[in-house]
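A.B. asks: Sequence and computational prediction follow.
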Amino acid sequence: MKKEREQFDIETLQLIQNRLDYIYSIAKRYNSDHPELMDTIESLANVANMFAKIKYEELKGKEVTASPQGYIVRRLGNSYSRIREYEKQKETDFPEWKL
């Protein structure tokens, strides 16, 4: 049976993690500019980084991250809540149409 080629390699995953760390650090540093937006970006960068970390561990053959699913669900829940609140705000900001 033909073995499928791996979709990720270790070097690329490290690059992804580095970029996500950078995004996270910028969102953390400038949190006071737009707190809701930066908090959402920070959480999403954490979620993406956790996925990359898990895949990296799989490729290295050592799984050390405990309960990644719970972490991802919690962090994603934060971003989801903020986006929903933003969406509600935009719906109320828009004036109703009158004919």
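C.D. replies: Now that the structure is in, tell me what you want to look at.
A.B. asks: distance between the strand or helix carrying residue 81 and the chain's centre?
C.D. replies: Residue 81 is part of helix 68-93 when elements are defined by DSSP states H and E. Centroid separation between helix 68-93 and its chain, computed with CA atoms, centre = their mean, to the nearest Å, is 12 Å.
A.B. asks: Only the buried residues of it, if you could.
C.D. replies: 72, 75, 78-79, 82 (16 or more other CB atoms under 10 Å). Any C-beta I mention is one placed from the backbone N, CA and C, and that applies to glycine too.
A.B. asks: Rank the helices and strands of this protein by mean pLDDT and give me the bottom one.
C.D. replies: Ranked by mean pLDDT, DSSP states H and E, the weakest helix or strand in the chain is helix 68-93, scoring a mean of 87.
A.B. asks: give the contact list for the nearest residue to residue 28 once chain neighbours are set aside.
C.D. replies: In this structure, residue 28 finds its nearest non-sequential neighbour in residue 42, 5.9 Å apart by CB to CB, 6 or more residues apart in numbering. With contacts defined as CB atoms under 8 Å, 6 or more residues apart in numbering, residue 42 is in contact with 24, 27-28, 31.
A.B. asks: Go through these and give me the one with the most neighbours.
C.D. replies: Using other CB atoms under 10 Å as the neighbour test, these are led by residue 27, with 21 neighbours.
A.B. asks: hang on, the earlier thing: now distance to residue 38 too, for the contacts of residue 42, in JSON lines please.
C.D. replies: Formatted as JSON lines, the contacts of residue 42 follow (distance: CB to CB, whole Å):
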{"residue": "24", "distance to residue 38": "10"}
{"residue": "27", "distance to residue 38": "4"}
{"residue": "28", "distance to residue 38": "7"}
{"residue": "31", "distance to residue 38": "4"}
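A.B. asks: Go through these and say which is closest to residue 67.
C.D. replies: residue 24 (19.9 Å; CB to CB).
A.B. asks: Which helix or strand contains that closest one?
C.D. replies: helix 10-29.
A.B. asks: The spatially most central residue of the chain: what's it in contact with?
C.D. replies: With distances taken as CA atoms, centre = their mean, residue 44 lies nearest the centre of the chain, 2.2 Å away. Applying CB under 8 Å, 6+ apart, we find residue 44 in contact with 75-76, 79.
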